[in-house]
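Engineer: Got a sequence here, can you model it:
(one chain, ligands or ions: 1)
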Amino acid sequence: MRLTVIGTGYVGAVHAACMAHIGHEVLGVDVDAERIAALTSGRPPFFEPGLSEMLRKAVDAGRLRFTTSPVEAAWFGDTHFICVGTPQHDGSGVADLRHVEAAVDGLAPYLHDSGYERVLVVGKSTVPVGTADRLARRLNAAAPGAEVAWNPEFLREGCAVQDTLRPERIVVGTRSEHAEARMRTLYAPLLDAGTPFIGTDPSTAELVKVASNSFLATKISFINAMAEICDATGGDVLTLAEAMGRDSRIGPRFLAPGLGFGGSCLPKDIRAFTARAEELGLGDSVAFLRQVDDINTRQRRRIVDMAERLVGDNFAERNVAVLGAAFKPRSDDVRDSPALAVADEVRRRGARVRVHDPEAVDNARAAYPALQYALNVAKACERADVVLHLTEWPQYRELDPAVLATVVRTPAIVDARNALDPVAWCAAGWTLCAPGRPRLG
Ligand code: UDX
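Structural biologist: Predicted coordinates:
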């Protein structure tokens, strides 16, 4: 099939490469000419395992091209995926749909003479419920008969390719049998491999995405609230989480206590969902999401306070090493990164902060120029009064605490992700603090 992917950020670049990989002819579209030039030469604008190989292969095979031209997009095929960002309006949780509307408005005037009879615009962006139907009315003003469907993505950064090629489900919301049939044909290779297809209406499809992310965020904040209770009562939140997670009705995933969630989706999505529910007069139905958000941001303060206590309640003139800047491991994304929020607050409280991250230093430096950055862990930890482990990259788990103890001024560490082996660190002479766990050493 011939399809376009409008917006080549995380979702769009991965979707375009994966759709070409399963055999479609794909045209990627973006307003950013620099990005288009990079993608054309097979270079993704961000770090994502497996993506650059897949991109290069698809481009070399001639199944994937890129353009900045909306008219070229309209004439290229009959199915157009909208994968542009839906950021948060400044100061409010409300989703900003400017880019989604611009993508549809860009296509609309050229669709009637594209030669295609049944044009389908498929939204993948995360949007407030009701957006697809509103966009359909907007689109039909210029292109009567064109349809809008919604097909939310659930990919996680760091395993985006795998999540796209082997998703746990494909959710498609349409208003016609024809549109659903086309989506089934498009995804046939994935459906043949056993992926469940959930066909529904566009509103339900939009809701599946925000409800899923809200549920995941709630699970994380739930266990972090339990970590707070454990800190006050001497309990051990890791044991609690393990015991809870073994109940198959609860399950162990997204129950890892620590610094909480960040990134481009969960924080923004729960705020946008709250704002939309309030708009609909249904604020009470999702009022708990405000608490989920509050619990989450409180974890950042808790870690800063924990570190401050370890350096004698005063950060002035202290050296603080930060391990991790990305919002999660295997990503160079620093958007709403809990690690950098903590690092910056520690700096604002007077410490000299040196940050290490295996992939995200360039992005971190651009977002937080006042922090210092180190090329390796040893440099970051040189003469440190406390080390903060804030993003659980696998290589940090393999650090030798005995070797690192010879580099720092005081062997004290906050394991904000509950990912290090406390027994090994304490045996090497470290004091280790972690949220929801008794202090060791
Ligand atoms: C998320 C959703 O998982 C995905 O389905 C959606 O499409 C986009 O948003 P992503 O933002 O890539 O994906 O990250 P995810 O792996 O979900 O992690 C989100 C945040 O939660 C990270 O900051 C992570 O460190 C944190 N987290 C996750 C926890 O603090 N504890 C956990 O148990 C799990």
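Engineer: For the helix or strand Met244 falls within, give the mean pLDDT please.
Structural biologist: Element membership of Met244 [criterion: DSSP states H and E] is helix 237-245. Regarding helix 237-245, the rounded mean pLDDT is 98.
Engineer: Stretch 62-79 too?
Structural biologist: Mean predicted lDDT for stretch 62-79 stands at 97.
Engineer: and what of stretch 126-135?
Structural biologist: What stretch 126-135 shows for mean pLDDT is 97.
Engineer: Okay, now that stretch: how far is its last residue from its first?
Structural biologist: For stretch 126-135, the first-to-last residue distance is 14 Å (C-alpha to C-alpha, to the nearest Å).
Engineer: For the residue nearest to Ile250 when sequence neighbours are not counted, list the residues it contacts.
Structural biologist: Sequence neighbours aside, Met244 is the residue nearest to Ile250 in space, at 5.3 Å (criterion: C-beta to C-beta, 6 or more residues apart in numbering). C-beta coordinates here come from the backbone N, C-alpha and C atoms, glycine included. Met244 makes contact with 223, 250, 255, according to C-beta atoms under 8 Å, 6 or more residues apart in numbering.
Engineer: Wait, Pro167 touches Phe154, no?
Structural biologist: Yes. Taking C-beta atoms under 8 Å as the definition, Pro167 is a contact partner of Phe154 at 6.5 Å.
Engineer: still on that earlier bit, buried residues in the helix or strand following the helix holding Met244?
Structural biologist: Counting by DSSP H and E, the next helix or strand C-terminal to helix 237-245 is helix 266-279. For helix 266-279, burial by neighbour count (16 or more other C-beta atoms under 10 Å) applies to 266-278.
Engineer: Would you mind getting the angle between the strand or helix carrying Thr204 and helix 237-245?
Structural biologist: Here Thr204, judged by DSSP H and E, is contained in helix 202-233. For helix 202-233 against helix 237-245, the angle by axes from the mean of the first three to the mean of the last three C-alpha atoms, to 10 degrees is 140 degrees.
Engineer: can you list the buried residues of helix 266-279 in CSV and add distance to Gly441?
Structural biologist: Formatted as CSV, those follow (distance: C-beta to C-beta, whole Å):
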residue, distance to Gly441
Leu266, 33
Pro267, 33
Lys268, 38
Asp269, 39
Ile270, 37
Arg271, 39
Ala272, 43
Phe273, 42
Thr274, 41
Ala275, 45
Arg276, 47
Ala277, 46
Glu278, 47
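Engineer: if we look at the ligand, which of those residues are close to it?
Structural biologist: Subset of the buried residues of helix 266-279 in contact with the ligand: Leu266, counting by C-beta under 6 Å from any ligand atom.
Engineer: Just give me the closest of the buried residues of helix 266-279 to Ala427.
Structural biologist: Ala427 lies nearest to Leu266 out of the buried residues of helix 266-279, by C-beta to C-beta, at 36.0 Å.
Engineer: Please report how far that closest one lies from Asp333.
Structural biologist: 12 Å (C-beta to C-beta, to the nearest Å).
Engineer: which residues in this structure form strands?
Structural biologist: Ranges of strands within the chain are 2-6, 25-29, 64-67, 79-82, 120-123, 147-150, 170-173, 197-200, 319-323, 352-356, 372-373, 386-389, 412-415, 431-433, based on DSSP state E.
Engineer: Of those, which is nearest Ala217?
Structural biologist: Nearest of these (C-beta to C-beta): strand 170-173, 18.8 Å.
Engineer: For that closest one, name the packing helices and strands.
Structural biologist: With contacts taken as 3 or more C-beta pairs under 8 Å, 6 or more residues apart in numbering; DSSP states H and E, strand 170-173 sits against strand 147-150, helix 177-186, strand 197-200, helix 202-233.
Engineer: Buried deepest among the ones you listed, which one?
Structural biologist: strand 147-150 (a mean of 26; mean count of other C-beta atoms under 10 Å).
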